[in-house]
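Novice: After the sequence you'll find the predicted model.
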Amino acid sequence: MQLTYSQYNDELQLGNIADTSLRQIDSGLAQGAVGIGKPVVRGTDKLRQYVAAGSGVGQGALIVGISVLSQSVEQALSTGVVQYADKEMFPLLRKGRVVVETDDAVVAGAVANYKLSNSKWTDEAVATGIEAVALISARFITGTSAAGLAIIEIDNK
């Protein structure tokens, strides 16, 4: 018999769907390698391809979703990296809650902004190297006391 209940999992895993809240997951075709739990922008074929968001100015405004962990993705034996390979189909969260990497301590309820230098999320104010997302809204659901993993909720605008 279950004696306790928690709204969130005890341990967070990068790219995992966080809970059973309403979500929209589309299929995307990776253009180049796409990491797990990473923000993505549209690729060359704007209808089907997605590429990992880069470090260039303006990338935050182009983010359309976050890659989600799938049971089919495998860890590379040589590097230990878990990512979707070029031309591989992957699940793309467009609306819902997902586990992402943070650059620093974040506060639950704060707006999530994109940090260009490391492709992680922060609640720091928009400044040089930190960009707001424009095509989706993003807000932290859980906080952290240092850099690590947190749950954010994204939604199409």
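Specialist: Alright, I've got the coordinates. Numbering: from 1, shown residues only.
Novice: need the contact list for residue 105.
Specialist: By Cβ atoms under 8 Å, 6 or more residues apart in numbering, the contact set of residue 105 is 143, 144, 145, 146, 147. Any C-beta I mention is one placed from the backbone N, CA and C, and that applies to glycine too.
Novice: of those residues, closest to residue 32?
Specialist: Distances from residue 32 to those, taken as Cβ to Cβ, are shortest for residue 147 (25.3 Å).
Novice: so what's the closest residue to residue 57 other than its chain neighbours up against?
Specialist: Nearest residue to residue 57, sequence neighbours excluded (Cβ to Cβ, 6 or more residues apart in numbering): residue 116, at 7.2 Å. Neighbouring residues of residue 116 by Cβ under 8 Å, 6+ apart: 54, 55, 56, 57, 59, 60, 129, 130, 131.
Novice: So what does the fourth one have for phi and psi?
Specialist: Main-chain dihedrals, residue 57, degrees, to the nearest 10: phi -60, psi 130.
Novice: Count the neighbours of it for me.
Specialist: 11 (other Cβ atoms under 10 Å).
Novice: Any quick ChimeraX command for the buried ones out of the contacts of residue 105?
Specialist: This is how ChimeraX selects the buried members of the contacts of residue 105, with burial counted by 16 or more other Cβ atoms under 10 Å:
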select :144
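Novice: TSV for the contacts of residue 105, including pLDDT and secondary structure?
Specialist: Below are those laid out as TSV (pLDDT from 0 to 100; DSSP: H, G, I helix; E, B strand; the rest coil):
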residue	pLDDT	secondary structure
143	96	coil
144	95	strand
145	95	coil
146	96	coil
147	95	coil
